[in-house]
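Student: sequence and predicted structure below; questions after.
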Amino acid sequence: MLKKMKSMVTLGQPEVKQYLTAKDIERGKTLLLSNVMIGGHKPATYHRSGGATSVIILGNRTSTKDVDFISSRPEEFNEICDAKYEATQELKTYPGDWLNSDMIAYVHGEPDCDKLFENSVNMGEIMYQSDVIVAYVADWRFQLVGKIQRCYMVAQSDGSDTRHLSDAIYILILLVTRNGGPLSIAMIRTWYAIGPLLTMKELTFIDNCYQRHLGVVSGLTA
């Protein structure tokens with residue numbers, strides 16, 4: 001009887017989304033904004049990375065599992081988390097972690113943490129802006145070195161998850177275009193904490209994938 005009751009409850013619940021489209025992200029953003037109550041006069045500043053930038057900015061994905069964010073100010077971080085909780089009450093089909101700060105683990109306590117926030121703001125690419133929130137794209141250089149490392153790790157396992165490889169290729173295309181030519185490996189190795197750790201195997205791997213994708217010459221140079 002108990003098992004049957006549990007089944008009935010499950011049947012009555014809406015199915016939770018496995019992936020979020022641009023439309024889903026937009027709806028989440030709208031509800032998030034309506035629940036943010038930042039004190040003072042300055043709007044909260046936070047930075048987006050990962051799948052959301054791929055869906056909305058790069059266009060190489062149609063959906064993402066979640067939206068990653070980081071904020072440099074603890075009080076704003078807490079306020080955004082509270083607003084996300086309130087918004088989620090109305091987003092019954094969204095996973096509980098649809099907006100999360102998991103990426104903070106890659107920068108918190110690192111010497112480059114403050115530089116990431118500063119560089120992202122100076123880069124000036126705003127995903128959206130309101131009276132209470134300004135959402136910047138996290139520095140593409142930070143995103144690229146992380147994606148190179150991650151997609152290479154995936155390739156060394158079963159290689160079935162191509163999301164990070166696609167992200168890395170499209171970020172590399174963007175940066176090569178803005179640079180007016182191939183990126184210097186020596187320069188990449190100065191980017192954040194991950195850059196100096198990248199091996200030639202990892203860099204050669206992403207460069208080969210870049211060339212296959214575009215059918216052009218190398219995106220990296222010594």
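Tutor: That came through fine. A quick note: this is a predicted structure, and the numbers were derived from the prediction, not measured. Numbers count the residues shown, from 1 in each chain.
Student: which residues touch Ile185?
Tutor: 203, 220-222 (Cβ atoms under 8 Å, 6 or more residues apart in numbering). Backbone N, C-alpha and C define where each C-beta goes, glycine included.
Student: next one: phi and psi at Gly219?
Tutor: Main-chain dihedrals, Gly219, degrees, to the nearest 10: phi -100, psi -10.
Student: I'd say it and Arg212 touch.
Tutor: No: Gly219 lies out of contact with Arg212 (Cβ atoms under 8 Å); the separation is 11.1 Å.
Student: between these two, which is the more surrounded one?
Tutor: Using other Cβ atoms under 10 Å, the more surrounded residue of Gly219 and Arg212 is Gly219, with 23 against 10.
Student: show me what contacts the more buried one?
Tutor: Going by Cβ under 8 Å, 6+ apart, Gly219 touches 172-173, 176, 182-183, 207, 210-211.
Student: repeat that for 6 Å
Tutor: Contact analysis of Gly219 by Cβ atoms under 6 Å, 6 or more residues apart in numbering lists 172, 176, 182, 207, 210.
Student: what is the nearest of those to Trp191?
Tutor: Trp191 lies nearest to Leu172 out of these, by Cβ to Cβ, at 12.5 Å.
Student: so where do the strands sit in this structure?
Tutor: Assigned by DSSP state E, the strands in the chain fall at 20-21, 44-49, 63-64, 67-71, 99-100, 126-129, 133-137, 183-184, 220-221.
Student: direction included, what does the last one pair against?
Tutor: This points to strand 220-221. strand 183-184 (parallel) (DSSP bridges).
Student: check the offset of the strand it pairs with from the chain's centre.
Tutor: Taking the mean of its C-alpha atoms, strand 183-184 sits 23 Å from the chain's own mean (Cα atoms, centre = their mean, to the nearest Å).
Student: hmm, who's touching that strand?
Tutor: Residues contacting strand 183-184 (Cβ under 6 Å, 6+ apart): 220-221.
Student: report the buried members of the contacts of Ile185.
Tutor: By neighbour count, with 16 or more other Cβ atoms under 10 Å, those hold 203, 220 as buried.
Student: now the helices for the protein?
Tutor: Using DSSP state H, the helices found in the chain span residues 2-12, 22-35, 51-53, 74-88, 113-123, 140-156, 163-179, 185-188, 200-214.
Student: lowest confidence element among the helices and strands of this structure?
Tutor: Every helix and strand of the chain was ranked by mean pLDDT, DSSP states H and E. The lowest is helix 2-12, at a mean of 46.
Student: for the nearest residue to Pro182 once chain neighbours are set aside, name its beta-bridge partners.
Tutor: Nearest residue to Pro182 in three dimensions, chain neighbours excluded: Thr221, at 4.1 Å (Cβ to Cβ, 6 or more residues apart in numbering). Beta-bridge partners for Thr221, by DSSP bridges, are Ser184.
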